[in-house]
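[1] Next one to model:
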Amino acid sequence: MAKMSSIIGRYWKVGLSILWGIGIFLFWACRYPQALSFQEQYQLFQFTFDYFIKDFRQAGGVALYISEFLVQFYYIPLLGAAILGFVYFLLQRLTWRVMRTTDGSQYLFSFIPSILLLWLMGDVAMLLSYPVAMIIVLAMAWVMNRRSLLYDILLLPIVYWCCGPLTWLYLILRCIAVFSSRDGKGYGRYILGVLLFVYLFIIQRLPLGDMQQYPSEAMMYGCNYSMIPLYFPSLTFVIPVVVVLIVIQSTALSRWPLSKRLTATLSIVTCAILGWASVSYGYDKDQYELICYDYLIRNERWDDLIERAEKYQVHTPFSSVAVNLALAEKRQLANRMFHFYQCGPEALIMGRVRDLMSMLPSAEAFWRLGLINSAQRYMFDTQESILNGRMSGRCTKRIAECMIVNGHYKTARKQLEQLKKSLFYSAWAQEAEALLGNENAINAHPVYGRLRKLRHNEDFLFKSNMINRMFGMLFMNNKDNRMALDYFMGQLLLEGQLQTFAQNMQMVQQFGGYSAMPIGYQDAMLCIQKQGEVPNSPYREYVRRQMGK
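    Numbers count the residues shown, from 1 in each chain. The predicted structure follows:
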């Protein structure tokens, strides 16, 4: 029994850390797999020397390269969740190592930086390079421990090249370890510590490699920790400070110990409060709902998207476009369109907005309608909106598909060459490359062949107030394109063109493929006939909202 108790006392810390890693895995895998897909789709990791050099020529390049290598596995969300579970496990264990104490009552304090990281990573703009850089810094601080600061004259440039501005944390932890050592003698170590801080400041100011293109603020606070340049959430500064405070208090408590029960209670309460705050305030419900819509569209899970919207729908144009696309794919748009929130005339197709997400549902709608050039244009604009200059695997793939459908094989090959250098897109790119120039194979393809029949033979530009005509022209070009007919009729209702809508009802009966007139259209016609005096009418409520009543 005594032996068993000894084993438990020895390994309970490791067991708790493993449970923490498993908890993180379940958190991302079950609750936010869409966030992993979001991160993966805005990069295209390539196994080439040029890609390697591009990252390594900047401060923090090693952490950036490692993070992008890992993020490519987010293509399979379960793998991404497992990677994050291991990352958080490592961060917590290394925090414990640099605390330099064996007092088990302080063990839970080592979880605080990881909990705060969970809060920080709720910001979808943050990259995995930040926790990777933290891990490298903590690992180096642990390995060096109390060795002389003279080693850091050579190590600081290396650590800075690997981790970027988080090297400041490494130097502070090194100084704490050396200054608190009872073996140290004289004031030389303190003078050397001050000189090393000046040395690191000078290193950051040197215009080396690609670092000269960044402003001084980015070099001081981190140019590779976020998708958005010069974007520094407060937690990116708080977490390193908390690590330092935890290390200092562990050193202080080792010399002036408090009651172990008091220390353990304080650590439990702190972790519980921060854990609750991280999950409650770190993850914006509406933002993650929209990211989930995009994730479901990417994976063509239309029923799941509709089910989510039935429970809760964000009132934004992005949401309207996404839900309407799912309804159209399930041929429910005519019946149920106004059972969901409609933002107005842009509820089926949004205008061009240069950001990371807004145009993606519209681009997918264009693609499925057969408006190939518009889909390509929206995807290209989305890729160009990635502020850190990365390619998008998802966008590049769709751009290549658009070019294949349009028969632009030379430019399609260039896109496919980029995809072939990746891991998860390579097999698809090789299969697509085999189609280039093979008209019979493309025409027989279940997707590309169908889209060639649906697409309009002549490209045209259109204004946002002419989008209903575009849908009408697309349908008249191919009357088997029932999705275009649904979008045409839906757009007329969104714009309030009731007379034109009524005039085209016969076309719905003839070509819509419905056994009976859709309930949504019946409701709209009843509103037209009774001038809106129809109780509990979904279309009446939409019109009243648009009129501000």
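
[2] hang on, Gln383 is in a helix, isn't it?
    Yes. The assignment for Gln383 (DSSP: H, G, I helix; E, B strand; the rest coil) places it in a helix.

[3] That one reaches Met391, doesn't it?
    Yes. Gln383 is within contact range of Met391, at 6.6 Å (criterion: C-beta atoms under 8 Å). Every C-beta, even on glycine, is put in place using the N, C-alpha and C of the backbone.

[4] Surely Gly263 is in contact with Gln106?
    Actually, residue 263 is Thr. It isn't Gly. Yes. With contact defined as C-beta under 8 Å, Thr263 reaches Gln106; the gap is 5.9 Å.

[5] more crowded one of these two?
    More crowded of Thr263 and Gln106, by other C-beta atoms under 10 Å: Gln106, with 23 against 20.

[6] Pull the contacting residues for the more buried one.
    Met99, Ser250, Leu253, Thr263, Ser267 (C-beta atoms under 8 Å, 6 or more residues apart in numbering).

[7] Of the residues you listed, which is the nearest to Trp20?
    The nearest member of the contacts of Gln106 to Trp20, counting by C-beta to C-beta, is Ser267 at 13.6 Å.

[8] what residues are up against the closest one?
    Residues in contact with Ser267 (C-beta under 8 Å, 6+ apart) are Ser105, Gln106, Tyr107, Leu108, Phe109.

[9] same check, this time on Ile172
    Going by C-beta under 8 Å, 6+ apart, Ile172 touches Val244.

[10] Quick check: buried residues in the helix or strand encompassing it?
    Assigned by DSSP states H and E, Ile172 belongs to helix 167-179. Neighbour-count burial for helix 167-179, counted by 16 or more other C-beta atoms under 10 Å, picks out Thr167, Trp168, Leu169, Tyr170, Leu171, Ile172, Leu173, Arg174, Cys175, Ile176, Ala177, Val178.

[11] swap in stretch 313-320?
    Quick answer for stretch 313-320 (16+ other C-beta under 10 Å): Gln313, Val314, Thr316, Pro317, Phe318, Ser319, Ser320.

[12] Save those as a markdown table, and put in distance to Val279 too.
    Converted to a markdown table, the buried residues of stretch 313-320 look like this (distance: C-beta to C-beta, whole Å):
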| residue | distance to Val279 |
| --- | --- |
| Gln313 | 23 |
| Val314 | 20 |
| Thr316 | 24 |
| Pro317 | 29 |
| Phe318 | 24 |
| Ser319 | 23 |
| Ser320 | 29 |
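
[13] Among those, which lie within helices?
    Pro317, Phe318, Ser319, Ser320 (DSSP state H).

[14] Just the pLDDT at the second one, thanks.
    Right, the one you point to is Phe318. Looking at Phe318, its pLDDT reads 96.

[15] quick one: contacts for it?
    Phe318 neighbours (C-beta under 8 Å, 6+ apart): Leu290, Tyr293, Met350, Met357, Ser358, Pro361.

[16] again, 7 Å this time
    By C-beta atoms under 7 Å, 6 or more residues apart in numbering, the residues touching Phe318 are Leu290, Met357, Ser358, Pro361.

[17] Neighbours of the first one, how many?
    The local packing count at Leu290 equals 22, with neighbours defined by other C-beta under 10 Å.

[18] you'd agree Gly193 is up against Leu150?
    No. Counting by C-beta atoms under 7 Å, Gly193 stays clear of Leu150, with 11.1 Å between them.

[19] For Phe201, see how far away the residue nearest to Ser148 when sequence neighbours are not counted is.
    Among residues not flanking Ser148 along the chain, Val178 sits closest, at 7.4 Å (C-beta to C-beta, 6 or more residues apart in numbering). Val178 is 19 Å from Phe201, where distance means C-beta to C-beta, to the nearest Å.

[20] Run a quick neighbour tally on Gly104.
    13.

[21] That one - nearest residue in space that isn't next to it in sequence?
    Lys13 (6.7 Å).

[22] Between Gly193 and Leu150, tell me which one has more neighbours.
    Taking neighbours as other C-beta under 10 Å, Gly193 and Leu150 compare with Gly193 leading, 18 against 12.

[23] can you pull the contacts of that one?
    Leu149, Cys175.

[24] Do you know the pLDDT at it?
    Predicted confidence (pLDDT) for Gly193: 87.

[25] what's the answer for the one 3 residues further on, then?
    At Leu196 the predicted local distance difference test score is 89.

[26] swap in Cys527?
    Listed pLDDT for Cys527 reads 88.

[27] Remind me which helix or strand it belongs to.
    Assigned by DSSP H and E, Cys527 falls within helix 519-529.

[28] same check, this time on Leu494
    Per DSSP H and E: Leu494 is located in helix 482-495.

[29] follow-up on the earlier one: what about the residue nearest to Gly104, how many residues nearby?
    Neighbours of Lys13 under the rule other C-beta under 10 Å: 16.

[30] Now the element after the one helix or strand Met140 maps to, going C-ward?
    Applying DSSP H and E as the criterion places Met140 in helix 129-144. Heading C-terminal from helix 129-144, the first helix or strand you meet, by DSSP H and E, is helix 152-163.

[31] for that following helix, packing partners?
    helix 61-71, helix 129-144, helix 167-179, helix 188-205 (3 or more C-beta pairs under 7 Å, 6 or more residues apart in numbering; DSSP states H and E).

[32] quick one: contacts for Ile115?
    Going by C-beta under 7 Å, 6+ apart, Ile115 touches Cys271, Leu274, Gly275, Ser278.

[33] redo that, cut-off 10 Å
    Ile115 is in contact with 20, 88, 92, 239, 242, 270-279, 282, counting by C-beta atoms under 10 Å, 6 or more residues apart in numbering.

[34] which one of those residues is nearest Pro131?
    Taking C-beta to C-beta as the measure, Pro131 sits nearest to Tyr88 out of the contacts of Ile115, at 7.6 Å.

[35] For the residue nearest to the closest one when sequence neighbours are not counted, pull up the helix or strand it's in.
    With sequence-adjacent residues excluded and distances taken as C-beta to C-beta, 6+ apart, Tyr88 is closest to Ile24, at 4.4 Å. Element membership of Ile24 [criterion: DSSP H and E] is helix 2-26.

[36] Show the subsequent helix or strand relative to that helix.
    helix 33-40.

[37] on contacts alone, who are the packing partners of the next helix or strand after that next one?
    Next helix or strand after helix 33-40 toward the C-terminus (DSSP H and E): helix 49-56. Other elements packing on helix 49-56 under the criterion 3 or more C-beta pairs under 10 Å, 6 or more residues apart in numbering; DSSP states H and E are helix 61-71.

[38] pLDDT on stretch 151-171, on average?
    Computed over stretch 151-171, the mean pLDDT rounds to 92.

[39] do the same with stretch 44-64
    On average, the pLDDT along stretch 44-64 is 91.

[40] what's the span of that stretch, first residue to last?
    With C-alpha to C-alpha, to the nearest Å as the measure, stretch 44-64 spans 13 Å from end to end.

[41] Pull up the overlap in contacts between Gln383 and Met391.
    Residues touching both Gln383 and Met391 (C-beta under 10 Å, 6+ apart): Tyr42, Leu44.

[42] circling back to that earlier point, show me what the helix holding Leu494 is packed against.
    Using 3+ C-beta pairs under 10 Å, 6+ apart, the elements in contact with helix 482-495 are helix 317-329, helix 333-336, helix 360-369, helix 467-477, helix 498-503, helix 505-511, helix 519-529, helix 538-546.

[43] And those helices: which comes nearest Arg31?
    helix 317-329 (19.7 Å).

[44] After the lowest-mean-pLDDT helix or strand in the chain, heading C-terminal, what element do we hit next?
    Ranked by mean pLDDT, DSSP states H and E, the helix or strand of the chain with the weakest confidence is helix 216-221, at a mean of 55. Once the chain leaves helix 216-221, the next helix or strand it forms, by DSSP H and E, is helix 235-255.

[45] Show me which parts of the following helix or strand past that next one are buried, residue by residue.
    For helix 235-255, the following helix or strand on the C-terminal side (DSSP H and E) is helix 260-281. The neighbour-count check on helix 260-281 (16+ other C-beta under 10 Å) flags Thr263, Ala264, Leu266, Ser267, Cys271, Leu274, Gly275, Ser278 as buried.
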